[in-house]
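**Student:** sequence? don't have it. structure:
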Ligand SMILES: [Zn+2]
């Protein structure tokens, strides 16, 4: 885990925001038209671990902006990073943060982004929009066909930036507990699945992980959040941690791919328990897995195991 994992909770929310305007990244309402997995928290963590040795403690010799039209325009000030040394890297939700004395580089992979490390004479691919040449002689390239990703330069404390300051705690950090979740659920009639996917409550629980964790905890995804007992929320918190940690661990085996010339990060497929298994037998009881739509997102569950 990145060092600052787990920042969140009350302490976190006391921080003042640069702006009250709520900025949301493009919500994945419509599925990508090209079949490509959207980077989720485990992929981002894996990516960070993969690129960090090539960036941290190294100096940026050149900033290359080939197309500034990402989710937000890549700022001209990005060139201020030339000559700067990256002192540390960390992940917050699905943002990667690289710190320098001139500010923090924020990278987000959006819906289709990926990073790779290549020799600078590697031919550019279409959709390689942003790159950093490092004093190691290698280059970091951001590839993003759908351009929902981001490359921003943040001055001051990045945790107080408007993109980060309202985020809930990290799912694998110390502030994401059953009592935190309980206080977020009190009086809520919204389905528990929608609550755990709300980034103000906890970050990084994507659609697949939400279905999987609710199955592991035996909770019906439609159950009103306020009606889930504390012991069951304890199970849910443990399940969310388990499913994300397992994905990150599996991703670790793909790290070597970052040096591969083909450079596609090898996303990993966990053995899914219910997700994408509509009509197939539940792995526990044999009942048919059901698919419903909840908050416009496909939701899979076992009607026998989940109450
Ligand atoms: Zn079952």
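**Tutor:** Yep, it's here. It should be emphasised that the depicted structure is a prediction, and the values quoted were computed from it without experimental measurement. Numbering: from 1, shown residues only.
**Student:** Verify the stated contact: residue 176 with residue 202.
**Tutor:** Yes. Residue 176 is within contact range of residue 202, at 5.3 Å (criterion: CB atoms under 8 Å). Any C-beta I mention is one placed from the backbone N, CA and C, and that applies to glycine too.
**Student:** what's the overlap in contacts for those two?
**Tutor:** 8, 168, 169, 170, 240 (CB atoms under 8 Å, 6 or more residues apart in numbering).
**Student:** three-state assignment of the residue in the stretch 51-200 of the chain positioned nearest to the ion?
**Tutor:** The minimum distance from the stretch 51-200 of the chain to the ion, using CB to the ion, falls at residue 193 (16.9 Å). The local conformation at residue 193, judged by DSSP: H, G, I helix; E, B strand; the rest coil, is helix.
**Student:** what's the answer for residue 45, then?
**Tutor:** helix.
**Student:** Check the shared contacts of residue 176 and residue 202 and tell me the two furthest apart.
**Tutor:** 8 and 240 (13.8 Å; CB to CB).
**Student:** which residues are in contact with both of those two?
**Tutor:** In contact with both residue 8 and residue 240: 176, 202, using CB under 8 Å, 6+ apart.
**Student:** does residue 181 belong to a helix or a strand, and which?
**Tutor:** According to DSSP states H and E, residue 181 maps onto helix 178-185.
**Student:** for residue 91, that is, sorry about that
**Tutor:** Here residue 91, judged by DSSP H and E, is contained in strand 88-92.
**Student:** and that strand, what does it pack onto?
**Tutor:** The elements that strand 88-92 packs onto, with contact taken as 3 or more CB pairs under 8 Å, 6 or more residues apart in numbering; DSSP states H and E, are helix 41-55, strand 95-100.
**Student:** hmm, who's touching the shortest one?
**Tutor:** Just to be clear, that refers to strand 95-100. For strand 95-100, contacts defined as CB under 8 Å, 6+ apart pick out 44, 47-48, 55-56, 60, 81, 84-91, 104-108, 154, 158, 163-164.
**Student:** Give me the buried subset of these.
**Tutor:** Among the contacts of strand 95-100, those buried by neighbour count (16 or more other CB atoms under 10 Å) are 44, 47-48, 55, 60, 81, 84-86, 88-91, 104-108, 154, 158, 163-164.
**Student:** any weak-confidence spans in this protein?
**Tutor:** Filtered on pLDDT under 70, the chain yields the residue ranges 1-37, 252-270.
**Student:** what about the strands in it?
**Tutor:** Using DSSP state E, the strands of the chain run over residues 60-65, 88-92, 95-100, 103-108, 114-118, 128-134, 139-143, 150-154, 290-294, 297-301.
**Student:** how does the protein divide into domains?
**Tutor:** Structural domains annotated on the chain: 9-160, 178-301, as defined by automatic domain parsing.
**Student:** returning to what we had before: kindly calculate the angle that the strand holding residue 91 makes with strand 95-100.
**Tutor:** Strand 88-92 and strand 95-100 meet at an angle of 160 degrees, taking axes from the mean of the first three to the mean of the last three CA atoms, to 10 degrees as the criterion.
**Student:** Which residues of the stretch 151-300 of the chain lie near the ion?
**Tutor:** Counting by CB under 5 Å from the ion, the residues of the stretch 151-300 of the chain close to the ion are 282, 284, 285, 287.
**Student:** out of the residues you listed, which is most surrounded?
**Tutor:** Neighbour tally across those (other CB atoms under 10 Å): the maximum, 20 neighbours, falls on residue 282.
**Student:** which residue sits closest to that one, ignoring its sequence neighbours?
**Tutor:** residue 302 (4.1 Å; CB to CB, 6 or more residues apart in numbering).
**Student:** do residue 142 as well
**Tutor:** Take residue 142 and drop its neighbours on the chain: the residue closest to it by CB to CB, 6+ apart is residue 130, 4.2 Å away.
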